[in-house]
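A.B. asks: Structure for the following, please:
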Amino acid sequence: QVQLVEAGGGLVQAGGSLRLSCTASGLIFFPGYGMGWFRQAPGKEREFVATISRNGATQDYTDSVKGRFTISRDNDKRTVYLQMNSLKPEDTAAYYCAAHWNRDLNKNEYEYNYWGQGTQVTVSS
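C.D. replies: Sure thing, here's the model as predicted:
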């Protein structure tokens, strides 16, 4: 059974930082999956945040987080990270990681094969 388990969410003041992690189990070959982070704020649709290639060499971000968020991965630990700095109240959302087989960068949530349960990030002003 495939599981993606996110951790690291919480309450932080504006300007602060959080580091999210997503650890995979049950995936036959973790390095074969491109990974992504998405978020969903109350009353809004889920949106793309960041994606990383299978070998971790390339990344892409939505414009609103460029320069503040960094996605990375450790294939030996089967884990993908999202370092979030200079957090803003508008970053408040549930954050989800997702895995896409045999694909590098991908912003399309409908093409991902597996999803985590989400972790809540709340940024106070």
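A.B. asks: can you map out the helices along this protein?
C.D. replies: Using DSSP state H, no helices are found in the chain.
A.B. asks: tell me the contacts of the residue nearest the centre of it?
C.D. replies: The residue lying closest to the centre of the chain (CA atoms, centre = their mean) is W37, at 2.4 Å. Applying CB atoms under 8 Å, 6 or more residues apart in numbering to W37 gives the contacts L20, C22, V49, A50, T51, I71, V80, L82, Y95, Y96, C97, A98. In short, each C-beta sits where N, CA and C put it, glycine included.
A.B. asks: was I right about the third one contacting V80?
C.D. replies: No. The criterion here is CB atoms under 8 Å, and V49 misses it with V80 at 11.7 Å.
A.B. asks: which of those two has more neighbours?
C.D. replies: Here V49 and V80 are set side by side on neighbour count (other CB atoms under 10 Å), and the busier one is V80, at 31 against 24.
A.B. asks: quick one, what contacts the more buried one?
C.D. replies: By CB under 8 Å, 6+ apart, the residues touching V80 are S21, C22, A24, M35, W37, I52, I71, S72, R73, D74, C97.
A.B. asks: now R46
C.D. replies: R46 sits next to F38, R39, Q40, Y96, E109 when contact means CB under 8 Å, 6+ apart.
A.B. asks: Would you reformat these as CSV and include pLDDT, neighbour count and distance to P31?
C.D. replies: Supplementary listing: the contacts of R46 in CSV, determined by pLDDT from 0 to 100; neighbours: other CB atoms under 10 Å; distance: CB to CB, whole Å:
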residue, pLDDT, neighbour count, distance to P31
F38, 98, 23, 21
R39, 98, 22, 25
Q40, 98, 15, 27
Y96, 98, 23, 21
E109, 96, 17, 22
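A.B. asks: Next, format these as TSV and append distance to P89.
C.D. replies: As requested, the contacts of R46 are arranged in TSV below (distance: CB to CB, whole Å):
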residue	distance to P89
F38	19
R39	13
Q40	16
Y96	20
E109	23
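A.B. asks: with these in mind, which one is nearest to S125?
C.D. replies: Within the contacts of R46, proximity to S125 (CB to CB) peaks at R39, which comes in at 17.9 Å.
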